[in-house]
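>>> Sequence isn't available, so here's the structure alone:
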């Protein structure tokens, strides 16, 4: 969490007005307690939110360790086939994939800890590598959304007039496409040839394609409410004061207005992350997201669904992991929102 | 009113035009190689590609390409290259399944969303509220296709209470229609129920402190009457406007995940199978019509609002 306790606060948003000081033992600085410090304190009291945030962090850490696990524990790679191998579990030897094509379930030992898939690949290894891809796409997409939404909101809300007209109408336009449909449209269109913008080009099966698409699709959902806040803030006295001191547009936007919408941006980050991971899973399941040669939670679930009757673990394991990660970040995000702005109204479409 | 109507309809036409341009750009102009290859698919022969180039006018200037593309979409002559089937005929064939799914699910999610939101708000802070909150969080965090797959396995394979996917037209067999759709209806609704009940809960908790609610209570009205006639009525407004947008998105193919899991022969399923074969023309037509539908429906919702509430047409 990029909470900056030293953030300048020329005008604390109404919702962040400091509450009654928390106990007499709290050290009172000259200017009282900053809004972010208060928010962190409120968040620290919310044990449920912290616990679920912790679950998400543990999942991220586990996925980051995927190569270590694959090399030193499972002794395999995410794409290595063991279809004809045999494994010995507690003295009993059995096929990794039975002659009828049914893969072994969880063995709870080093190799094939969580079983194998129908190609004889280690599910635990693929789960961790898949998580890496899903989370990577989620992080990049969230970053793209937040960056562009904030810039667009600042420009549209601050300059108003023609700039606002063009930017807001473009946002409305993207908004008219349901999220999944727009993701699919871009995904199918880009999967074949990749993207070539002259300076930088991306091949069709790169992780950057779904990350860019998901980041792009969610921009209006964040830019619209932020723009509304900027419109209100630019009329405030502290902006006038800055202008009277001779501050330019850029300086007013970055030093006066941005710190005041920062709390909303922070509230959006976990929400966007949860939605990005879910959309990535949906697009990958449909075949318009992460291409099948790279594992991802969405791809793994999609592969598992057709085998549910014979190999339940292929669906339940990646599915459970995905739900746990998204649930963790959703509940944590809810806690962050309550801590920063108990009355915020934020809507994300799925 | 007439002025508002004209202005709203003109704005709608402008957005529709912009949508057609954006769709055209996504599919034909994005700088990633030969559009003929994209339309024809990876496995298309050089002859097919040549035919596509001629057919869609890729040798002509870009504004002419736009008009050719739109002309093809609107006179209904787009053909998918992997199956050689007319795309618009396919969509017309699939529409009943999608409408059945969307309307049934819409009723369920609106009903349960309101019910759970109301219970949650009335019991705020108690165990019922907490458990409903937990459930709604799980609901919004579970991908539809995962839930659908598990539900299908449990109720159709394991216990065989419901048929295993597919769609039966209402006119053919109304009981079969119902049994085939119950599972998809609920699976599609879960996410929205979770979301709507949270929105409604916080709206009710905000409204309950308003002055007019206190007045109603001071008049001696019963709690039930206050809750339903005074609080719920006002708290429902944002939920209803959400419903308009979500419903349009579901009809336009947002239910694509549900349809593909349950093998419902709807528009979404058609889009899904087209993506799987990298068959681009159907995806293009479905994308554009979905956006059109959302825009037209939101204009209709705005106009209904303006009829109901004069403040909107004066300020808007």
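That came in fine, so what should we check first? Quick caveat, the model's predicted, so the values are computed rather than measured.
>>> top helix in the chain by residue count?
No chain in the question, so chain A it is. Across chain A, the longest stretch assigned as helix under DSSP state H is helix A:123-159.
>>> you looked at the wrong chain, it should be chain B
helix B:87-122.
>>> Provide a list of residues in contact with the residue of the stretch 151-300 of chain B found nearest chain A.
Using CB to the nearest CB, the closest approach of the stretch 151-300 of chain B to chain A is made by residue B:249 at 3.7 Å. Every residue, glycine included, has its C-beta placed from N, CA and C. Each residue near residue B:249 by CB atoms under 8 Å, 6 or more residues apart in numbering or on different chains is listed here: A:178, A:179, A:181, A:349, B:290, B:294.
>>> Could you tell me the per-residue confidence at the fifth one?
Looking at residue B:290, its pLDDT is 84.
>>> for the first one, same thing?
Here, the pLDDT recorded for residue A:178 equals 82.
>>> The nearest residue to it once chain neighbours are set aside sits in which helix or strand?
Of all residues not flanking residue A:178 in the chain, residue B:249 sits nearest, at 3.7 Å (CB to CB, 6 or more residues apart in numbering or on different chains). For residue B:249, the element it lies in under DSSP states H and E is helix B:233-249.
>>> any idea of the mean pLDDT for that helix?
On average, helix B:233-249 scores 80.
>>> swap in stretch A:248-266?
Mean predicted lDDT for stretch A:248-266 stands at 91.
>>> residues touching residue A:191, list them.
Contacts of residue A:191 by CB under 8 Å, 6+ apart are A:204, A:205, A:209, A:288, A:291, B:278.
>>> roughly how far out does the helix or strand hosting it sit from the chain middle?
Using DSSP H and E, residue A:191 falls within helix A:179-193. Helix A:179-193 sits 19 Å away from the centroid of its parent chain (CA atoms, centre = their mean, to the nearest Å).
>>> Residue A:220 contacts residue A:172, correct?
Yes - counting by CB atoms under 8 Å, residue A:220 touches residue A:172, with 7.5 Å between them.
>>> Looking at these two, which has the bigger crowd around it?
residue A:220 (25 against 16; other CB atoms under 10 Å in any protein chain shown).
>>> you'd agree that one is in a strand?
No - under DSSP: H, G, I helix; E, B strand; the rest coil, residue A:220 falls outside any strand and is assigned helix.
>>> ok now do it, which residues does it touch?
Applying CB under 8 Å, 6+ apart, the residues near residue A:220 are A:149, A:171, A:172, A:174, A:175.
>>> Those residues: which two are farthest apart?
Greatest spatial distance among these (CB to CB): A:149 and A:172, at 14.3 Å.
>>> Report the inter-axis angle for the helix holding residue A:191 versus helix B:233-249.
30 degrees (axes from the mean of the first three to the mean of the last three CA atoms, to 10 degrees).
>>> buried ones in helix A:179-193?
Buried residues in helix A:179-193, defined by neighbour count with 16 or more other CB atoms under 10 Å in any protein chain shown: A:179-193.
>>> Name the nearest of these relative to chain B.
residue A:193 (3.4 Å).
>>> if we can go back for a sec, please list which of the contacts of residue A:220 are also close to chain B.
The residues of those that also fall near chain B, by CB under 8 Å from any CB of the partner chain, are A:172, A:174.
>>> Neighbour-wise, give me the winner out of the contacts of residue A:220.
residue A:149 (25 neighbours).
>>> What sits closest to the most centrally placed residue in chain A if chain neighbours are left out?
For chain A, the residue nearest the mean C-alpha position is residue A:273 (1.9 Å; CA atoms, centre = their mean). With CB to CB, 6+ apart as the criterion, residue A:273 has its nearest non-adjacent residue at 4.8 Å, and that residue is residue A:142.
>>> Am I right that the residue nearest to the centre of chain A is in a helix?
Yes - counting by three-state DSSP, residue A:273 is part of a helix.
>>> Tell me who's in contact with it.
Counting by CB under 8 Å, 6+ apart, residue A:273 has contacts A:138, A:139, A:142, A:329, A:333.
>>> quick one: it from residue A:215, how far?
The spacing between residue A:273 and residue A:215, counted by CB to CB, to the nearest Å, is 11 Å.
>>> between these two, what contacts are shared?
What both residue A:273 and residue A:215 touch, as defined by CB under 8 Å, 6+ apart, is the set residue A:142.
>>> circling back: any chance of the contacts of residue A:220 in TSV, with secondary structure and pLDDT too?
Converted to TSV, the contacts of residue A:220 look like this (DSSP: H, G, I helix; E, B strand; the rest coil; pLDDT from 0 to 100):
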residue	secondary structure	pLDDT
A:149	helix	95
A:171	helix	87
A:172	helix	83
A:174	helix	86
A:175	helix	82
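>>> which one of the contacts of residue A:220 is nearest chain B?
Distances from chain B to the contacts of residue A:220, taken by CB to the nearest CB, are shortest for residue A:172, at 6.8 Å.
>>> Verify the stated contact: the closest one with residue B:15.
Yes - assessed by CB under 8 Å, residue A:172 is found in contact with residue B:15 at 6.8 Å.
>>> The residue nearest to residue A:178 and residue A:182: what is the separation?
Distance from residue B:249 to residue A:182, by CB to CB: 11 Å.
>>> same question, residue B:74
21 Å.
>>> who in the stretch 51-200 of chain B is up against chain A?
B:137-138, B:140-146, B:149-150, B:152-153, B:157, B:191, B:195, B:199.
>>> low-scoring pLDDT stretches of the chain, where are they?
I went with chain A, as the question did not name one. A:1-31, A:88-92, A:101, A:110, A:192-201, A:204, A:341-350 (pLDDT under 70).
>>> was after chain B, sorry
Those would be B:30-35, B:38-43, B:81-82, B:252-254, B:309-316, if you go by pLDDT under 70 across chain B.
>>> can you rerun that using 50?
Regions of chain B meeting the criterion pLDDT under 50 cover residues B:316.
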